[in-house]
Structures are given as structure tokens and as C-alpha cells.
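Asks: what follows is a protein structure lacking sequence information:
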Ligand code: PMP
């Protein structure tokens with residue numbers, strides 16, 4: 001069995017070869033956004049250098065080339081999540097926009113007074129607020145699915161909540177605040193058992209293991225390019241064909257129409273119906289390069305490497321003391337969220353930053369679960385495949401210093 005070659009992967013990330021505040025950068029804010037390998041940076045630069053043109057306008061060679069790359073990227077990303085057809089992969093700005101498209105378009109068409117939308121109590125705000133907005137407009141309600149003290153979904157409570165008034169279950173695959181991996185295939189099946197649709201927010205899972213939308217049988221799945229080594233401003237929304245076909249457009253404009261007249265406008269077919277205006281062409285091409293990057297090594301080995309870092313970091317953190325873990329699910333991605341017995345998480349974060357260690361502090365856009373746990377927020381160290389044991393050691397050394405200064 002060969003080991004994951006972290007050194008050769010790490011060498012592909014130019015941003016990691018720098019000092020911050022006089023220390024070598026230790027980047028542990030990967031749940032917020034991952035860094036970009038040279039190949040993704042080059043794909044974006046090469047597009048602007050050689051191919052830049054508007055797409056689907058077919059009047060000249062550059063436009064043909066840009067269109068071919070842009071649509072090729074769609075096919076590649078669709079295949080990456082095992083979508084049955086590339087038309088079922090819609091480009092968005094990211095996870096947030098993907099959820100807003102479904103909430104606004106599917107939600108306004110299907111929800112009526114008395115209908116229920118269920119989201120877990122540990123969702124990111126972007127999987128709560130769009131549903132609240134459409135609930136307000138339609139008379140539906142948004143209700144939380146209970147989360148236990150260890151940061152896992154209470155499946156018994158969820159099952160008891162289900163009835164035929166539940167029309168949508170929107171669930172994060174992985175909690176960005178705690179790292180918990182949710183049993184989404186089971187949740188989708190339970191949602192379907194009462195006739196509800198299920199949306200999976202894959203923002204925090206997409207970088208960690210292969211996703212198969214057909215195996216999950218989800219109705220919608222959304223993710224962001226920037227959390228999987230791709231650029232910001234691009235993401236994808238997958239949907240089942242019959243649902244997407246029946247949904248009204250989200251925005252109006254160019255590209256999303258078949259014909260326009262003042263007597264009436266005919267909408268374009270999938271996926272263009274949902275892609276008004278000039279799209280993020282470079283972003284899509286950069287995201288396809290990120291898929292190439294992720295497929296250039298054994299992903300199971302990369303995952304095992306991250307899990308090893310998590311185990312090592314958690315053991316050392318607990319040995320140090322004073323930093324209680326938040327979220328202790330047995331099934332987590334490499335996210336270590338913790339509070340501090342002697343200081344505010346923000347103060348800890350500042351001391352880490354002074355030592356070149358980048359973590360995130362705060363409520364991680366998941367205020368309801370922080371409120372449930374009775375904490376203002378956490379310090380979150382989130383590991384990616386380019387992190388190594390040296391990064392873990394530097395994090396623990398910096399936390400040891402923070403304890404000396406603050407305790
Ligand atoms: N959902 C989850 C679980 C997330 O972690 C994030 C990003 N922190 C989002 C949604 C929103 O993603 P974006 O800001 O890229 O739209």
C-alpha cells in the first residue's frame with residue numbers, strides 16, 4: 001500500500017511557501033476556503049491569455065474555443081458527481097446561490113401555507129435564511145431537525161417529525177462548524193418516504209471524498225468551487241431533470257431565453273434556462289482544473305492522511321488541556337472546533353495569527369448551533385490534504401503559547 005505523498009501535493013501550492021508575521025504560514029482555514037494549486041491558477045491565466053471570448057455566440061474562432069472549454073468543464077464537473085447528464089449541472093456563484101435558486105424557484109412554485117421545510121439545527125446560515133425568505137413569501141414554515149450534544153443529527157427525532165406536510169428537507173453533508181458527517185443517504189430516503197424533496201449542501205464534503213448524486217438519490221445538491229481547490233465565484237447546482245424542467249427561471253436576461261417578444265418570451269432549455277447573463281467562464285474552466293487536480297491522486301489515501309492529522313491534533317489538544325472540543329461525532333472530516341477555558345476564541349485566534357497560524361474564530365455562520373451549545377463561537381482548525389504533521393506541531397506550539405499568555 002502506497003502512502004499519500006503530501007510533500008509533492010504541497011509543492012503544487014505556491015501560496016503555502018510564504019512567511020506570515022515572520023513565521024512560515026500554517027494554513028488551517030480550509031473549511032472557509034482552500035488554497036489553489038498551480039494547475040488551477042494556470043488554467044485561469046491561460047484562458048484569459050489565449051481564449052478569452054464570450055460563450056455560445058459562435059461567430060468566431062475564439063468564441064468557439066471558449067464555448068468548447070466552458071461546456072467541457074460542465075461535462076467534467078457533472079461527471080465528477082456522477083450526474084446522469086451535463087444539462088443537470090447548472091453553474092452558480094457557489095453554494096449560497098445554489099440554495100437560493102432552489103428556494104426561490106422550486107420553493108415559490110411548490111410551497112403553500114402549512115407546508116414544512118426541515119433543516120438541521122447545525123446548518124450554515126446559507127441553508128437556513130433562503131428557506132426563511134421563501135417561507136415568509138409562501139406561508140410555509142422552517143423547522144430545525146434536532147442535533148444531539150455530540151453534534152450528530154438525532155435521526156429518531158427527525159423520523160418523528162416527518163409527515164406529508166414536509167415538502168423539503170435541506171441538509172448539510174458535513175457541518176462546517178463541527179465537522180460532523182451526516183448520514184445524508186438515509187436522510188434523503190426518509191424525506192422521500194413522505195414525498196418530500198431533499199437538498200444536500202455539499203460545500204464541506206466535496207473536497208474530501210467522491211460524491212455520487214445518483215447513489216445518494218438526492219433531488220438537489222450544491223457546492224462551491226473555492227472549497228475544492230477551485231476559484232471563488234463559481235459553484236454548481238445539480239438537480240433531477242424533471243424537477244429542473246418544471247422549475248421557473250431564477251433570473252431573467254440574455255442566454256436564458258429561446259425567443260423574446262413583447263407578446264411573450266420563450267425560455268431556453270436546460271441548463272441555460274437558469275444561467276441568465278454572461279457566465280463566469282474562467283471560473284468554470286478553473287473548477288474543471290480543480291477536478292483534474294483532485295483526480296490526480298488516490299482520494300481515499302488523501303482522506304486517510306487528513307484523518308490521521310485530525311486524530312493527532314485532537315490527541316495533542318486534549319493533552320495540552322484548556323481547549324475543550326466542540327463536536328465529538330465519531331464520523332467527522334478533519335475539522336477541529338474548540339473553545340477556550342481562559343479566553344475568548346477571538347483572542348486565541350489573534351495569538352495564533354501572530355505565529356503564522358491561520359484558523360477561523362467565531363460562530364462560523366452557524367449561530368443556531370452555537371446558541372444551542374451556549375457558546376459565542378469556537379476556534380476552528382480545518383485541515384486539507386496539503387497539511388502535514390509539521391502544521392499540527394506548529395498549531396499545538398502556538399496554542400501552548402496562547403495558554404501561557406492568556407491563562
Ligand atoms: N454551506 C456550508 C456548509 C458552508 O461551509 C459554506 C461556506 N462556509 C456555505 C454553505 C456557503 O458557501 P459559499 O459562501 O461558498 O456560498
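Replies: Yep, it's here. Please read these numbers as outputs of a predicted model, since none were measured by experiment.
Asks: next structured bit after the helix ranked longest in the chain?
Replies: What stands out as the longest helix in the chain, according to DSSP state H, is helix 299-320. Following helix 299-320 in sequence order, the next helix or strand is strand 335-338 (DSSP states H and E).
Asks: quick one: pLDDT of the residue of the chain most remote from its centre?
Replies: Taking C-alpha atoms, centre = their mean, the residue of the chain most remote from its mean C-alpha position is residue 263, at 41.4 Å. Residue 263 carries a pLDDT value of 93.
Asks: please list the residues of the stretch 101-250 of the chain that sit near the ligand.
Replies: Counting by C-beta under 6 Å from any ligand atom, the residues of the stretch 101-250 of the chain lying close to the ligand are 124, 126, 127, 172, 176, 201, 203, 204, 224. The way it works is simple: take the backbone N, C-alpha and C, and place the C-beta from them, glycine included.
Asks: identify the residues contacting the second one.
Replies: Under the criterion of C-beta atoms under 8 Å, 6 or more residues apart in numbering, the neighbours of residue 126 are 95, 96, 99, 201, 365.
Asks: and the pLDDT at the first one?
Replies: Right, the one you point to is residue 95. For residue 95, the model assigns a pLDDT of 98.
Asks: how many other residues sit next to it?
Replies: Neighbour count of residue 95, defined by other C-beta atoms under 10 Å: 26.
Asks: am I right that it is in contact with residue 225?
Replies: No. At 9.7 Å, residue 95 does not count as touching residue 225 under the criterion of C-beta atoms under 8 Å.
Asks: list residues touching both of the two?
Replies: Common neighbours of residue 95 and residue 225 (criterion: C-beta under 8 Å, 6+ apart): residue 235.
Asks: what pLDDT, on average, does the strand ranked longest in the chain get?
Replies: The residue-count maximum for a strand in the chain (DSSP state E) belongs to strand 166-172. Averaged over strand 166-172, pLDDT sits at 98.
Asks: follow-up on the earlier one: give the helix, strand or coil label for the residue farthest from the centre of the chain.
Replies: Here residue 263 is coil, with the state taken from DSSP: H, G, I helix; E, B strand; the rest coil.
Asks: how much space between it and the ligand?
Replies: Going from residue 263 to the ligand by C-beta to the nearest ligand atom, to the nearest Å gives 38 Å.
Asks: for residue 325, same thing?
Replies: 19 Å.
Asks: find the nearest non-adjacent residue to that residue, please.
Replies: Take residue 325 and drop its neighbours on the chain: the residue closest to it by C-beta to C-beta, 6 or more residues apart in numbering is residue 338, 5.1 Å away.
Asks: picking up where we left off before, what average pLDDT does whatever helix or strand comes next after the longest strand of the chain get?
Replies: Toward the C-terminus, strand 166-172 is succeeded by helix 184-193 as the next helix or strand (DSSP H and E). In this model, helix 184-193 carries a mean pLDDT of 98.
Asks: and the next helix or strand past helix 184-193?
Replies: Sequence-wise, the next helix or strand downstream of helix 184-193 (DSSP H and E) is strand 197-201.
Asks: which neighbours does that next one have in its sheet, and in what orientation?
Replies: The pairing partners recorded for strand 197-201 under DSSP bridges are strand 166-172 (parallel), strand 220-224 (parallel).
Asks: got the angle between it and helix 184-193?
Replies: 160 degrees (axes from the mean of the first three to the mean of the last three C-alpha atoms, to 10 degrees).
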